[in-house]
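# Fold the stuff below for me.
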Amino acid sequence: MTALREASTMYASFFSLVLFMLLFSSRYPWKKTITLTIALMGPLLIANFVLLCLLGPVVMSTLLLLTCSLPSLIFFWFLSKYRDGRFFFTYFFCDTVILEIIDITSILDYFLGDTYVFMSVTRFLLCPVIALACYKWLRPVYIRLQDKVEKGWYTFSAIALIFYVMMSIDISVPSHITQRPQQLPAFILLLILLPFFYCHIFSTLAYQQEAHETAEQKKIQALQVASLLSRIEEFRVSNAQLQQERHNFRHQMRTIAALAEKSDLATIIQTTAEYTQS
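Predicted structure coming up:
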């Protein structure tokens, strides 16, 4: 039955990669990104599965940061479109989500008889559901957040990293959490806290995006108002010039009319010539 446990653990770990690829913004075309990911992450996952079978889940949970997380982090860093807090938060968010599933199913399986059946079935069913929900609801919003919001990501990624390290250590050091019942309530509270933490982060990021879009709209409106005022001023100047030209034309007509009454044809011709030349 231990083979079932290891298989379900690697299966869940694979979905950590799936979640990351769904939320990750690559600097390369999608096809090239997938090809490079399969070429590196495939052998890396196989190597970690072999280590898991040889060393067991307790030891591997402490080594996973060095054998899988760190190499994949470096690899995706070079592929990332955003090499800043956006990348790190995305990475640790996906890892902590899957790690929480692994921890919760492990604890529940222990209390249900420690047969690894509940653990494995739950992981095999739950991971695709989470990936589908991520693709359908979270991905469109999250990609837009990465494009629009630039500040605050480093703080959030640091907190997500702390959660990841705490969960990785607390579940297995110095022994599995189920062997330390006195510490189990605190660990369960940590697992409960994590979803609330991410809900708060996403609501904060959404608020920042809304504030950013509002500021952009105000800038556009200010430019539109400035353009409208400029056109109004141009119209006012043109209208003033037109009024002056109309005044001059009336004056010219009065002058010609007065000369016509005197039958002064020569002066009329001379005045008309002056008006047409001016």
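# Can you tell me how far residue 223 is from residue 206?
Going from residue 223 to residue 206 by C-beta to C-beta, to the nearest Å gives 26 Å. Just so you know, the C-beta spots here come from the backbone N, C-alpha and C atoms, and that holds for glycine as well.
# out of these two, which sits in the busier spot?
residue 206 (15 against 10; other C-beta atoms under 10 Å).
# in which helix or strand would I find the closest residue in space to that one that isn't next to it in sequence?
Nearest residue to residue 206, sequence neighbours excluded (C-beta to C-beta, 6 or more residues apart in numbering): residue 145, at 7.0 Å. When elements are assigned from DSSP states H and E, residue 145 belongs to helix 139-148.
# moving C-terminal of that helix, what's the next helix or strand?
Once the chain leaves helix 139-148, the next helix or strand it forms, by DSSP H and E, is helix 153-170.
# Against which helices or strands is the longest helix seen in the chain packed?
The residue-count maximum for a helix in the chain (DSSP state H) belongs to helix 184-261. Contact here means 3 or more C-beta pairs under 8 Å, 6 or more residues apart in numbering; DSSP states H and E; on that basis helix 184-261 packs against helix 85-111, helix 139-148, helix 153-170, helix 265-277.
# now the angle from that helix to helix 85-111?
150 degrees (axes from the mean of the first three to the mean of the last three C-alpha atoms, to 10 degrees).
# For helix 184-261, what is the distance to the chain centroid?
Computed by C-alpha atoms, centre = their mean, to the nearest Å, the chain-centroid distance of helix 184-261 equals 28 Å.
# pLDDT score for the closest residue to residue 178 other than its chain neighbours?
With sequence-adjacent residues excluded and distances taken as C-beta to C-beta, 6+ apart, residue 178 is closest to residue 110, at 4.2 Å. Here, the pLDDT recorded for residue 110 equals 87.
# Tell me how many other residues crowd residue 110.
Under the criterion other C-beta under 10 Å, the count of neighbours that residue 110 has is 18.
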